[in-house]
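Undergrad: Following is a predicted model, sequence given first.
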Amino acid sequence: MSTTTLAVLVPLLPFLGAVAGLLLGRAAPGFVRPLAVLPALASAVLAVLVAVRQGGGQPVETATRLTPTGSVPIDLSLYLDGFAVLTAVLVGVVSTCVQLYSTEYLREDPRYPSYAALVSLFTAAMLVVVYTGDLMVLLVGWEVMGICSYFLVGHYWETEAARSASLKAFLVTKLGDVPFLIGLFALAADAGSFQITEVLDTVARGGLDHPTLTALLLLAGVAGKSAQFPLHTWLPDAMAGPTPVSALIHAATMVAAGVYFVARLLPVFTASAAALVVMAAMAALTMIGSGLAALAQDDVKRVLAYSTIGQLGYMTGALAVGDRGAAVFHLLSHGAFKALLFLGAGVIIHAAGTNSLAAMARMDGLAKRIPDAFWTMTIGLLALAAIPPFAGFFSKEAVLVAAERAAAGHTASVPGAVGWLVLVAGLLTALLTAAYATRLWLMAFRGKGAPAPDHGNEPLAMTGVLWLLAVPSVAFGLAAVPLADWFDGGQLTPTPTTVLLSTGAAVVGAVLTYALWQRAAFRAAAGASREAAVSASVAAAESAAETPEVAEVTHDHPAVPAGPAPDPGRALLGPLHRHAAVGFHLDAVYDRLLVRPVRAAAGLVRFLDREVVETYVSGAGAGPRLLGSLVRRAQTGNVQTYLSALFAGAVVLAIATAVLANVNAGS
């Protein structure tokens with residue numbers, strides 16, 4: 001079987017699985033889980049075979065004319081290069097893990113059949129984006145992912161949070177998709193084709209009429225899909241959906257699509273220095289802002305959501321300095337450990353019975369209750385914090401090395417200021433990332449207080465997936481050298497300067513967070529001891545007043561600390577904490593600048609429609625209705641009345657005729 005045939009089957013299998021799941025979900029519930037897992041598994045295996053055959057060599061291209069449009073045709077085409085085949089492997093593996101994990105996580109969910117089918121459709125759409133060589137076909141996969149995210153984020157539609165989050169995700173991403181569509185049309189108009197290779201050839205010849213405008217239009221869609229400032233606000237709220245959906249969206253689909261799109265069309269963006277500056281500024285604000293916001297979140301999934309936003313900022317920064325190899329390398333590495341973190345968070349939430357880190361910090365022994373999640377989450381957080389030798393260290397270093405080269409002026413067409421901006425923001429984000437990763441680990445697994453609830457052992461389908469994803473989270477970074485040829489042959493290995501700076505920043509962030517945690521825990525324990533002593537004294541005094549006998553006091557369980565749980569994030573952020581906790585009020589800004597004016601305009605339109613348009617419409621109907629009423633009253637059915645009216649009319653006409661005749665005779 002040829003490579004292109006295998007590549008066609010990769011997105012086709014999950015699509016057929018989605019169709020079959022929707023059709024047979026209710027009629028044959030026993031087939032739902034096999035239809036969810038097996039197509040995804042087969043797709044992942046085929047994606048690996050395609051990657052092995054492509055081998056990082058020359059791209060494999062093929063195209064079939066889908067429809068002649070009369071101007072710019074649309075083709076069903078494949079374009080398989082190193083970026084595409086490796087990204088497809090990531091999508092297939094993560095999707096399989098999510099489907100397998102979901103068989104247990106959503107075992108009792110009555111809407112599991114539709115959920116599993118939508119996850120398969122989501123996977124197929126992302127694979128279309130990855131493999132296609134035509135921008136219009138890419139747009140189809142792009143938009144199908146948007147509608148799938150709407151339904152999956154709103155899976156628990158009974159809750160207001162899920163309904164609002166799904167609507168917000170859909171509207172915010174569509175806000176970016178409108179200029180994105182215009183940008184695609186502008187590219188096609190200049191190139192005379194939607195084929196990506198034709199577009200890139202046109203860029204190489206300098207054939208773009210307005211490169212800056214086109215790049216910025218496309219960048220708006222990327223900011224919405226990949227949750228970059230200022231269109232990132234939908235992603236933390238999307239945590240209202242099932243946890244496996246969060247893993248899929250954050251690791252391998254949806255948000256990865258924007259970064260992958262820029263990597264495929266990077267020459268379009270490097271053709272404009274202004275577009276690179278905007279991209280770098282967007283990446284820097286995204287990285288730093290999301291790191292600060294993650295330190296202030298209490299919901300474990302929202303911490304990970306802001307973490308994703310920041311890591312996507314790293315990828316965007318790598319693209320801004322013209323290194324798509326570093327960007328996609330970090331995309332693949334991040335996909336592995338972020339899927340691990342979200343699926344591990346699902347186990348933690350199930351075991352603790354809450355999403356709240358503050359509540360977990362009051363639980364003793366949670367790590368012992370869920371050892372698989374504890375160890376794999378520790379691996380994932382070490383990878384996230386970019387501690388060597390975990391995967392995140394190597395991929396993040398590749399980004400910083402690219403920024404360092406650009407800052408030194410070694411990257412053509414990239415302004416040095418762009419390199420410095422990405423480098424400084426990346427180092428500061430390394431400190432913040434290590435800080436919030438350490439905070440999450442301490443509050444989730446090192447709490448003190450009441451014993452953590454015991455729900456028994458977690459299913460093998462869930463814990464096995466965690467260990468499977470832990471392998472690339474540890475070892476994928478070691479593939480930096482052999483994978484360099486798959487990524488344009490660029491440098492993916494660390495340099496002493498970036499290692500020293502970034503690892504030093506990460507160590508400072510982790511140590512500082514741990515020290516503040518210890519201080520907060522000591523104060524909480526001291527406060528709890530004082531309150532316990534006061535309570536014991538009061539109880540003893542009351543008992544002594546009732547009886548002279550002294551009662552023996554026993555403590556079977558440690559007391560739950562009074563007051564707020566130890567939270568190093570508050571100490572790190574200080575007065576900035578309350579602003580960071582609500583995403584620096586960006587939603588409130590959007591409410592005042594966009595939502596309220598739109599609602600006011602809608603109210604004005606409603607008033608004009610009701611008071612003006614409806615008045616004229618009602619008047620247009622009232623006139624004929626009144627005339628009809630008068631005519632109806634004249635129709636009495638009495639012959640004498642009709643004859644009398646006829647005679648009266650004849651008399652009137654005769655008189656009028658005589659008068660007119662006299663007038664004419666006199667003149």
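TA: Yes, it's here.

Undergrad: how far away is residue 324 from residue 286?
TA: 18 Å (C-beta to C-beta, to the nearest Å). Every residue, glycine included, has its C-beta placed from N, CA and C.

Undergrad: next SSE after the helix or strand bottoming out on mean pLDDT in the chain?
TA: The helix or strand of the chain with the poorest confidence is helix 496-546; it has a mean of 75 (mean pLDDT, DSSP states H and E). Stepping forward along the backbone from helix 496-546, the first helix or strand reached (DSSP states H and E) is helix 568-573.

Undergrad: From the contact counts, what lies against that next one?
TA: Judged by 3 or more C-beta pairs under 8 Å, 6 or more residues apart in numbering; DSSP states H and E, the packing partners of helix 568-573 are helix 416-445, helix 496-546, helix 577-581.

Undergrad: Please identify which of these is closest to residue 337.
TA: Of all those, it is helix 416-445 that lies closest to residue 337, at 10.6 Å by C-beta to C-beta.

Undergrad: helices and strands around that closest one, which ones?
TA: Counting contacts by 3+ C-beta pairs under 8 Å, 6+ apart, helix 416-445 is packed against helix 273-294, helix 300-320, helix 357-360, helix 366-369, helix 371-384, helix 391-407, helix 496-546, helix 568-573.

Undergrad: Direction included, what does the helix or strand following it pair up with?
TA: Tracing the chain C-terminally past helix 416-445 and defining elements by DSSP H and E, one meets strand 450-451 next. Strand 450-451 has the following strand partners under DSSP bridges: strand 363-364 (parallel).

Undergrad: Show me what the partner strand is in contact with.
TA: Contacts of strand 363-364 from elsewhere in the structure, counted by C-beta atoms under 8 Å, 6 or more residues apart in numbering, are 352, 447-453, 558.

Undergrad: circling back to that earlier point, looking at the helices and strands packed on helix 416-445, which is closest to residue 219?
TA: With C-beta to C-beta, the closest approach to residue 219 among those belongs to helix 273-294: 6.3 Å.

Undergrad: Could you export the helices and strands packed on helix 416-445 as CSV, including mean neighbour count and distance to residue 664?
TA: What follows is those, written out as CSV (neighbours: other C-beta atoms under 10 Å; distance: least, C-beta to C-beta, whole Å):
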stretch, mean neighbour count, distance to residue 664
helix 273-294, 23, 85
helix 300-320, 28, 93
helix 357-360, 20, 104
helix 366-369, 19, 112
helix 371-384, 23, 105
helix 391-407, 28, 101
helix 496-546, 15, 109
helix 568-573, 20, 101
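
Undergrad: CSV please, covering these and showing distance to residue 12.
TA: Written out in CSV, the entries for the helices and strands packed on helix 416-445 read as follows (distance: least, C-beta to C-beta, whole Å):
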stretch, distance to residue 12
helix 273-294, 34
helix 300-320, 28
helix 357-360, 42
helix 366-369, 42
helix 371-384, 32
helix 391-407, 30
helix 496-546, 42
helix 568-573, 46
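
Undergrad: closest one to residue 45 among those helices?
TA: In terms of C-beta to C-beta, the element of the helices and strands packed on helix 416-445 nearest to residue 45 is helix 391-407, at 22.2 Å.

Undergrad: starting at the chain centroid, how far to that closest one?
TA: The chain centroid and the centroid of helix 391-407 are separated by 24 Å, computed with C-alpha atoms, centre = their mean, to the nearest Å.

Undergrad: Same check on stretch 435-448?
TA: Relative to its parent chain, stretch 435-448 has a centroid offset of 24 Å by C-alpha atoms, centre = their mean.

Undergrad: again, but for stretch 638-646
TA: In terms of C-alpha atoms, centre = their mean, the centre of stretch 638-646 is found 81 Å from the chain centre.

Undergrad: which residues touch it?
TA: Applying C-beta under 8 Å, 6+ apart, stretch 638-646 turns out to have no external contacts.

Undergrad: need the helices and strands packed on helix 568-573 in TSV with distance to residue 385, can you?
TA: Below are the helices and strands packed on helix 568-573 laid out as TSV (distance: least, C-beta to C-beta, whole Å):
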stretch	distance to residue 385
helix 416-445	4
helix 496-546	5
helix 577-581	19
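
Undergrad: Which of the helices and strands packed on helix 416-445 sits closest to residue 465?
TA: With C-beta to C-beta as the measure, helix 371-384 is the member of those nearest residue 465 (9.3 Å).

Undergrad: Indicate which one of the helices and strands packed on helix 416-445 is closest to residue 164.
TA: Taking C-beta to C-beta, helix 300-320 is the member of the helices and strands packed on helix 416-445 nearest to residue 164, at 14.6 Å.

Undergrad: Quick one: list the elements packing against that closest one.
TA: The helices and strands touching helix 300-320, judged by 3+ C-beta pairs under 8 Å, 6+ apart, are helix 234-237, helix 243-251, helix 255-264, helix 273-294, helix 324-352, helix 357-360, helix 391-407, helix 416-445.
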